[in-house]
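*Asks:* Got a sequence here, can you model it:
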Amino acid sequence: MWLKTAKKNSASTLNLRLSAIKSFLKYCSEENIELTSYYLDISSIHAFKTSKDSCIEFLSQEQLKLLFSIPDTSTRIERRNCFFMILMYETGGRLQEILDPTLNSIIRDESRVKIILHGKGNKTRSVPLLGQTVRHFDAYLKEFHKQRIRTDYLFYTVHDSTHTKMKQGTVDYFLKKYGSLAKERNEKFPSGLHAHMLKHSIAMAMYKKGIPISYIRDFLGHKSIDTTTVYSHADEEMLTKALESVNDVVNSLPAIKKHWKGNEQYLIALCGLD
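*Replies:* Numbering: from 1, shown residues only. This next block holds a predicted model:
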């Protein structure tokens, strides 16, 4: 209930946490019979109801442009944060997939740049970087990886003069800050910006462009296409365009004429009002 009321977690997140706690206490009860009562108590807690009609949260192209314009790129850390968001969007990576890579994960040849991402189940995929993203990437490397130590994490924080992997909490902090600032500029900007929203945004952008759902599955690193079909729904913009595309038939119909005009006396008689 603390997660629900104080942290404002969704029903699906609550069920995930509850499942993890149940699994852990089941293990504990098997190791020590004295803990069985705790496992039985929590087993009686039912899962929270989730809405089957709830849509995923994603950012439109205009909202993405607004978000990427928020960081003050006159400062070093803000430039890093801006590139982090750009890379997360362009690769469709999960938060941990973007935090884990070292410079060894970057493959570069004469024609292109690719980043190797390690997903769930130790599944690996190669994601190409294109156009302007490569230029942002080169600028970031020039500033943050001057020595190009291959074992260095791509995104890091400095502790005692040592580069350590950036924490998820660091990303959550600046995403919430930028999200709040974006909300102030545009009231339609979604509340509570989080890392997964960027992943959802690139997936929805691809779907709107007509990219086959199987391609999107491979791009996102999903094991099953059933997971990817969450993106195959129409938002208001897509529905409007769909209706406009089939509206030619209606538009070609002649306007309905009021044939009784000038013959009101017959209408009055038909209604029994004479």
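
*Asks:* what's across from residue 118 in the sheet?
*Replies:* The bridge-partner assignment for residue 118, based on DSSP bridges, gives residue 124.

*Asks:* Could you measure from it over to residue 12?
*Replies:* In this structure, residue 118 and residue 12 are separated by 24 Å, where distance is defined by Cβ to Cβ, to the nearest Å. (Glycine included, C-beta is placed from N, CA and C.)

*Asks:* And these two? Which one has more around it.
*Replies:* More neighbours sit around residue 118 than around the other of residue 118 and residue 12, counting by other Cβ atoms under 10 Å; the figures are 16 against 12.

*Asks:* Surely the more buried one touches residue 124?
*Replies:* Yes: applying Cβ atoms under 8 Å as the test, residue 118 and residue 124 come out as touching, 5.4 Å apart.

*Asks:* Tell me where the stretch 151-274 of the chain has helices.
*Replies:* Chain-ordered helices for the stretch 151-274 of the chain, with DSSP state H, counting those that start in this stretch as the definition, fall at 168-185, 195-208, 213-220, 225-228, 236-245, 248-252, 264-270.

*Asks:* Now residue 147: phi and psi?
*Replies:* Summarising the backbone geometry of residue 147 under the convention degrees, to the nearest 10, its torsions are phi -90, psi -10.

*Asks:* And for it, the neighbour number?
*Replies:* Using other Cβ under 10 Å, the number of residues around residue 147 comes to 6.

*Asks:* how about low-confidence regions in the stretch 51-200 of the chain?
*Replies:* Regions of the stretch 51-200 of the chain meeting the criterion pLDDT under 70 cover residues 51-55.

*Asks:* follow-up on the earlier one: quick one: which of the helices of the stretch 151-274 of the chain is nearest residue 94?
*Replies:* For those, distance to residue 94 was read as Cβ to Cβ. The smallest value, 6.5 Å, belongs to helix 195-208.

*Asks:* Alpha carbons of that closest one, as CSV, please.
*Replies:* These are the backbone C-alpha positions of helix 195-208, laid out as CSV (Å, rounded to 0.1, in the frame of the first residue of the first chain):
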residue,chain,number,x,y,z
ALA,A,195,13.2,5.9,-18.7
HIS,A,196,10.8,3.3,-20.2
MET,A,197,8.7,6.1,-21.7
LEU,A,198,11.6,6.8,-24.1
LYS,A,199,11.6,3.1,-25.1
HIS,A,200,7.9,3.2,-25.7
SER,A,201,8.2,6.4,-27.7
ILE,A,202,10.6,5.0,-30.3
ALA,A,203,8.5,1.8,-30.6
MET,A,204,5.3,3.8,-31.2
ALA,A,205,7.1,6.1,-33.7
MET,A,206,8.2,3.0,-35.7
TYR,A,207,4.7,1.5,-35.6
LYS,A,208,3.2,4.7,-36.8
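
*Asks:* Number the chain from 38, please
*Replies:* Right, with 38 as the first residue, what we last looked at is helix 232-245.

*Asks:* Kindly provide the distance from residue 77 to residue 57.
*Replies:* When Cβ to Cβ is applied, the distance between residue 77 and residue 57 equals 17 Å.

*Asks:* try residue 71
*Replies:* Residue 71 sits 22 Å away from residue 57 when distances are taken as Cβ to Cβ.

*Asks:* contacting residues around the longest helix seen in the chain?
*Replies:* Once the chain is assigned using DSSP state H, the helix that runs over the most residues is helix 48-68. The set of residues that contact helix 48-68 without belonging to it, under Cβ atoms under 8 Å, 6 or more residues apart in numbering, is 40-41, 46, 72-73, 75-77, 79-80, 82, 84-88.

*Asks:* Most neighbours among the residues you listed, please name it.
*Replies:* Neighbour counts for the contacts of helix 48-68, by other Cβ under 10 Å, peak at residue 76, which reaches 18 neighbours.

*Asks:* in the longest helix of the chain, what counts as buried?
*Replies:* Within helix 48-68, the residues that qualify as buried are 51-52, 55, 62, 66, counting by 16 or more other Cβ atoms under 10 Å.
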